[in-house]
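1. just need the structure, nothing else, for what follows:
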Amino acid sequence: MRVPANVRLPVYQPTDTSESAILNWLSQINDCSNVSVRGFLPSATYVIRNAIELQILDCGNPNRTVEIYGTGRNSSIIDIQSSKDCGDGMGFVVYGPNVTIHDLALRGRQTADGSGRCGEGIKFVDSTASFGTVYNTKVSSFGNGAIDVYNAPGAYIHDNFIDCNGSDATGASSGPNSMGVWVRWIQRPPPPGVNNATVNSNAIFGCASEAIALAGVIHVSVYYNTIRCDVGGGVGTPACWIGITLFSDASSNSELSIFGTHLDNCDARPVSSNAIGYNTIYGSNRLNVGIASEGTGSGGSGHDNLIEHNTISHARQHGIQTASTDCPFGTPSSAFSGYTIASNDVSNSLDTQIWVGGSYTRVTNNRVRNAPGSNGIYFVSTAVGITNTGNVSY
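-> Numbers count the residues shown, from 1 in each chain. All right, here's what the predicted structure looks like:
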């Protein structure tokens with residue numbers, strides 16, 4: 001929601017750089033007597049040693065707007081040094097709608113052993129936190145994720161710099177669970193012409209788990225992001241797992257088994273009708289897969305996803321991979337179907353450039369260049385209804 005230009009909003013800022021001043025500042029922002037409010041962070045470093053999270057509350061007004069902003073992502077810095085039972089503390093945790101965060105930095109204290117495994121820089125929590133926006137921020141060294149959109153539709157995450165590996169001289173590094181942007185569990189169809197979330201034009205470096213993870217979501221757009229895997233090669237420093245993942249996670253509702261075979265993984269949140277395009281992914285032979293669609297274990301489901309015009313190079317395994325599953329029970333390759341993989345440029349992956357496991361997949365007009373001893377485009381034998389046209393090896 002936009003506030004009319006002629007409406008003057010109250011603007012609050014901390015009185016100094018102490019943690020108590022920050023908490024008082026948040027109390028002013030969370031004063032629900034203000035229909036809309038702005039919170040400004042002057043140029044400084046603000047150290048949080050005790051607060052577990054910096055909450056932006058839900059006032060129960062879907063029209064309320066909150067803007068939190070600084071002077072720039074290299075000058076207004078919140079340094080999270082707090083901890084909780086599962087590791088490092090949280091930055092902003094948003095429970096209300098229409099919250100915009102921009103032009104500041106959030107810095108965690110993640111370590112390579114994963115001891116800070118649950119910390120996140122910015123988190124939007126549930127449907128009350130809908131239509132959140134984050135732009136021109138720098139988020140680094142949080143153990144679980146930089147930006148987490150948890151069942152909060154309408155998020156717009158764009159033009160951020162995310163450094164899981166903490167190369168800004170904090171002494172931190174990427175733990176085994178670190179993600180860049182995590183969008184999850186949004187299953188309700190959005191209004192016509194609107195995405196459930198948009199993740200565009202971010203630069204994401206050194207995330208050991210996924211740079212961008214879409215888990216159990218529909219109608220999410222991921223475009224024009226740059227992803228690099230700059231970790232690996234050092235003692236205790238893990239490689240990256242996936243650049244962008246479409247992940248169908250098992251639902252908690254099923255306890256079904258057949259002849260002792262547990263089928264929870266087949267009762268899954270689908271990952272469908274999403275679009276991934278014009279992203280650039282540099283694997284540096286440290287990233288396992290550039291773009292992957294997969295499910296929990298051998299399960300999961302996803303349909304009608306678009307993967308187009310991406311440039312992917314030097315993955316350790318596959319440039320693009322769509323999963324083959326055993327769901328429904330005894331029907332391989334049918335649970336992930338109807339994908340379009342078109343006009344991508346995939347090169348120098350050490351195993352296969354494009355690995356296709358799902359049925360009724362359209363693989364068209366891609367350019368692939370093999371690394372020595374690798375494969376170009378591979379189709380799983382159980383996949384049916386494949387369209388394979390216009391692809392070029394070079």
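
2. show me the contacts for Tyr12.
-> With contact taken as Cβ atoms under 8 Å, 6 or more residues apart in numbering, Tyr12 is in contact with Trp25, Gln28, Ile29, Val37, Arg38, Gly39, Phe40. Heads up, the C-betas are built off the backbone N, CA and C, glycines and all.

3. equivalent analysis for Tyr339, please.
-> Ser293, Gly302, His303, Asp304, Asn305, Leu306, Ile307, Thr322, Gly358, Tyr360, Thr361, Arg362.

4. quick one: buried ones out of those?
-> For the contacts of Tyr339, a burial check counting by 16 or more other Cβ atoms under 10 Å picks out Ser293, Gly302, His303, Asn305, Leu306, Ile307, Thr322, Gly358, Tyr360, Thr361, Arg362.

5. just the residues you listed now: which is nearest Asn74?
-> Nearest to Asn74 among the buried ones among the contacts of Tyr339, counting by Cβ to Cβ, is Ile307 at 33.7 Å.

6. what packs against the helix or strand hosting Val139?
-> Element membership for Val139, per DSSP states H and E: strand 138-140. With contacts defined as 3 or more Cβ pairs under 8 Å, 6 or more residues apart in numbering; DSSP states H and E, strand 138-140 has these neighbours: strand 105-107, strand 120-125, strand 145-150, strand 161-163.

7. quick one: closest of the ones you listed to Ile242.
-> That would be, of those and by Cβ to Cβ, strand 145-150, which comes in at 13.7 Å.

8. tell me which stretches of the stretch 101-250 of the chain form strands.
-> 105-107, 120-125, 133-135, 138-140, 145-150, 155-158, 161-163, 179-184, 197-200, 203-205, 210-215, 220-223, 226-228, 242-248 (DSSP state E, counting those that start in this stretch).

9. from the contacts of Tyr339, which has minimum pLDDT?
-> Here the lowest pLDDT out of the contacts of Tyr339 sits on Gly358, with 85.

10. and the residue nearest to that residue when sequence neighbours are not counted, how many neighbours?
-> With Cβ to Cβ, 6 or more residues apart in numbering as the criterion, Gly358 has its nearest non-adjacent residue at 3.5 Å, and that residue is Phe336. As a burial measure, Phe336 scores 31 neighbours (other Cβ atoms under 10 Å).

11. do the same with Asn136
-> Neighbours around Asn136, by other Cβ under 10 Å: 16.

12. and the pLDDT for it?
-> Value for Asn136, per-residue pLDDT: 98.

13. ok, it - contacts?
-> So Asn136 contacts Gly72, Arg73, His102, Asp103, Asp159, Asn160 (Cβ under 8 Å, 6+ apart).

14. ok, now with 10 Å
-> Tyr69, Gly70, Gly72, Arg73, Ile101, His102, Asp103, Leu104, His158, Asp159, Asn160, Phe161 (Cβ atoms under 10 Å, 6 or more residues apart in numbering).

15. ok, the closest residue in space to Ser140 that isn't next to it in sequence to Asn202 distance?
-> Leaving aside its chain neighbours, Ser140 sits nearest to Asp163 (4.1 Å; criterion: Cβ to Cβ, 6+ apart). Applying Cβ to Cβ, to the nearest Å, the value for Asp163 to Asn202 is 11 Å.
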